[in-house]
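Novice: Sequence and predicted structure, then a few things I'm wondering about:
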Amino acid sequence: MSFTRRNALALGSAAIAVTLLPLRAFAASEKSMEAITAFADGATVAEGGIELTTPEIAENGNTVPVEFSAPGAKRVMLLADGNPSPGVATFNFGALADPSGSTRIRLAGTQNVIAIAEMADGSYTQVAKAVKVTIGGCGG
Amino acid sequence: MAKARVKAPKTAAAGEMVTIKTLVNHPMESGQRKDKEGNLIPRKIINAFTATFGGEHVVAAAFEAAISTNPYFQFSFTVPATGDLVMKWTDDDGSMIEQTKTITVA
């Protein structure tokens, strides 16, 4: 096989694409974006306003403690961006409840955990926290 | 059969914010693991949780497979008056676990 100019160009652009990928690490994955769009009914999602507590490093991805507090929220959705299926849980708070909670989740590997809240006024907001996972918690 | 454990205060002041801790003994089989023969183990998780106090909706949760084994959930709410906190968990197989805790306002 001769190494043509066209092949060289194709290889070059593929290499550029690969090196560019890490830059997008903080953007949500396609599946997560779909879940967020479905949750927010297509509305724009602002940043901040939710306190999301996760460990910086989780040794065991099978049980990672996650805590959230979203003052003024009536619904909160948690996503694990890098899991085979990003959905974690959705919470619906009544008038008596404090819009907060804490649970333990599975993470397949190092990734972002995302919390999206629907506020009482119908606006949406999200935060993401990176969690480093030493041993993944899916499959086996 | 799965069993739920709930930690809730027995008494509270009127309008006090109380924290409830819940834990269910349940494998939460994610449906992504394989057995020794390489067959997928079917999903079997607690997929829903609801809590009401005195008949009023407090919190409802929908859980996915990413919730850990022995699902733990902690929530807080304001106790308006003496009443029953009724909590229900729904399994993928349709079975339900129910627990009631009475919180007395002194």
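Specialist: In hand now; what should we look at?

Novice: going forward, measure contacts between C-alpha atoms and count neighbours the same way
Specialist: OK.

Novice: can you give me the strands for chain B?
Specialist: B:3-7, B:11-12, B:16-25, B:46-53, B:56-63, B:72-79, B:83-91, B:96-105 (DSSP state E).

Novice: just so I know, which of those strands lies nearest A:Thr90?
Specialist: Judged by CA to CA, the one of those that comes nearest to A:Thr90 is strand B:56-63, at 5.1 Å.

Novice: which strands and helices sit next to the closest one?
Specialist: Other helices and strands packing on strand B:56-63, by 3 or more CA pairs under 8 Å, 6 or more residues apart in numbering or on different chains; DSSP states H and E, are strand A:87-93, strand B:46-53.

Novice: Let's have these in JSON lines, adding distance to B:Gly94 and mean neighbour count.
Specialist: Putting the helices and strands packed on strand B:56-63 into JSON lines (distance: least, CA to CA, whole Å; neighbours: other CA atoms under 10 Å in any protein chain shown) gives the following:
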{"stretch": "strand A:87-93", "distance to B:Gly94": "19", "mean neighbour count": "22"}
{"stretch": "strand B:46-53", "distance to B:Gly94": "9", "mean neighbour count": "22"}
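
Novice: Could you pull up the residues touching residue 68?
Specialist: In the absence of a named chain, chain A is used. Going by CA atoms under 8 Å, 6 or more residues apart in numbering or on different chains, A:Phe68 touches A:50-53, A:100-102, A:115.

Novice: That was the other one, I meant chain B.
Specialist: Neighbouring residues of B:Ser68 by CA under 8 Å, 6+ apart: A:62-64, A:104-106, B:28.

Novice: same check, this time on A:Thr63
Specialist: A:104-107, A:137, B:68-69.

Novice: Please enumerate residues in contact with the helix or strand hosting A:Glu59?
Specialist: Following DSSP states H and E, one finds A:Glu59 within strand A:57-60. Strand A:57-60 is contacted by residues A:64, A:131-137 when judged by CA under 8 Å, 6+ apart.

Novice: can you pull the buried residues of it?
Specialist: Within strand A:57-60, the residues scored as buried using 16 or more other CA atoms under 10 Å in any protein chain shown are A:58, A:60.

Novice: what are the pairing partners of that strand, and which direction each?
Specialist: strand A:124-135 (parallel) (DSSP bridges).

Novice: Pull the residues that contact the partner strand.
Specialist: Applying CA under 8 Å, 6+ apart, the external contacts of strand A:124-135 come out as A:40, A:43-61, A:107-119.

Novice: Any buried residues in it, and which?
Specialist: Here strand A:124-135 shows A:124-133 as buried, counting by 16+ other CA under 10 Å.

Novice: And stretch B:49-69, by the same measure?
Specialist: Within stretch B:49-69, judged by 16+ other CA under 10 Å, the buried ones are B:49-54, B:57-69.

Novice: just checking, A:Arg104 is part of a helix?
Specialist: No. Assessed with DSSP: H, G, I helix; E, B strand; the rest coil, A:Arg104 is strand; it does not lie in a helix.

Novice: ok, and the closest residue to it other than its chain neighbours, which helix or strand is that part of?
Specialist: In space, A:Arg104 comes closest to A:Pro65 once its chain neighbours are excluded; the distance is 4.4 Å by CA to CA, 6 or more residues apart in numbering or on different chains. Using DSSP H and E, A:Pro65 maps to strand A:64-69.
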